[in-house]
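1. I'd like to go over a predicted model; first the sequence, then the structure.
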Amino acid sequence: MTFILNTADEVLQTVGDRLRVHRLAQAMSQQELASTAGLSQGAVRQLERNGQSSLDTLVRVVQALGLVGELDDLFVLRRQSIAQMGQAEAAGLRQRAPRQKKP
């Protein structure tokens with residue numbers, strides 16, 4: 001699933017769902033995760049239920065689940081070559097259909 005067309009609430013819900021899946025894959029209870037992350041169980045429950053949390057809570061949960069490496073590419077500035085930028089610009093230009101020849 002990509003987040004391009006999702007609302008903020010949908011993105012938050014998906015993040016919460018994905019964190020729950022990772023927690024369960026590690027056979028961890030919410031209480032164990034909360035304890036490992038130094039959080040309350042309610043904070044973990046809220047994050048998994050609807051994605052609502054502080055950035056600090058999110059980072060603590062990600063660290064406790066061993067997913068910090070997943071954050072590496074989160075806000076990396078992607079540089080493109082001049083040729084790639086030209087190709088992207090050319091692809092975005094509208095082209096006209098050929099004119100019909102008059103009989």
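-> Arrived safely, thanks for sending.

2. now the helices for this protein?
-> 8-25, 30-37, 41-50, 55-64, 82-92 (DSSP state H).

3. relative to L71, which of the ones you listed is closest?
-> helix 55-64 (6.5 Å; C-beta to C-beta). In this view, the C-beta of every residue, glycine as well, is placed from N, C-alpha and C.

4. quick one: contacts of the closest one?
-> 15, 19, 33, 36-39, 43-44, 47, 53, 68, 70-71 (C-beta atoms under 8 Å, 6 or more residues apart in numbering).

5. those residues into CSV, with extra columns for distance to S81?
-> Formatted as CSV, the contacts of helix 55-64 follow (distance: C-beta to C-beta, whole Å):
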residue, distance to S81
V15, 32
L19, 36
L33, 43
T36, 43
A37, 41
G38, 44
L39, 44
A43, 44
V44, 44
L47, 39
S53, 38
V68, 30
E70, 27
L71, 26
